[in-house]
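In: sequence plus the predicted model coming up.
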Amino acid sequence: MQEASFTGFFRTILILFVIYYGLKIIGRLVFPLVIKRFFGKFEERVRNQQQQQNSQPKEKIGETIIDKKPTTTKESNNDVGEYVDYEEVD
């Protein structure tokens, strides 16, 4: 069975503090760069979408645009019979 020594315990605590403060310092330097890059890409995507919307031809107010002629036509079914209107008798 091994016993914990004071120097081993102190070394472990020191390593944990170094890692904690190292990550804290690196986070202060790296995190703003990551956020800046993320928002830069987001801004670029929004700008591209706006350019695409602005580049589409604008229609005049009241102008009617027909894209295509419908290909299917409805045929009436004359075999159904005629409609009979009736009154209810008490």
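Out: Thanks, I have the structure now.

In: alpha carbons only for contacts and neighbour counts from here, please
Out: Noted.

In: how about the helices of this protein, start to end?
Out: 6-55 (DSSP state H).

In: quick one: low-confidence parts of it?
Out: For the chain, the stretches flagged by pLDDT under 70 are 1, 56-59, 73-81.

In: please report the distance of the residue nearest in space to the middle of it from Ile65.
Out: In the chain, the centroid-proximal residue (CA atoms, centre = their mean) is Phe42; its distance is 11.2 Å. For Phe42, the distance to Ile65 (CA to CA, to the nearest Å) stands at 34 Å.

In: also Leu14?
Out: Going from Leu14 to Ile65 by CA to CA gives 74 Å.

In: got it, and Thr7?
Out: 84 Å.

In: and what of Lys24?
Out: 60 Å.

In: of these two, which one has the most company?
Out: Between Lys24 and Ile65, counted using other CA atoms under 10 Å, the more crowded position is Lys24 (12 against 7).

In: thanks again, I'm all set now.
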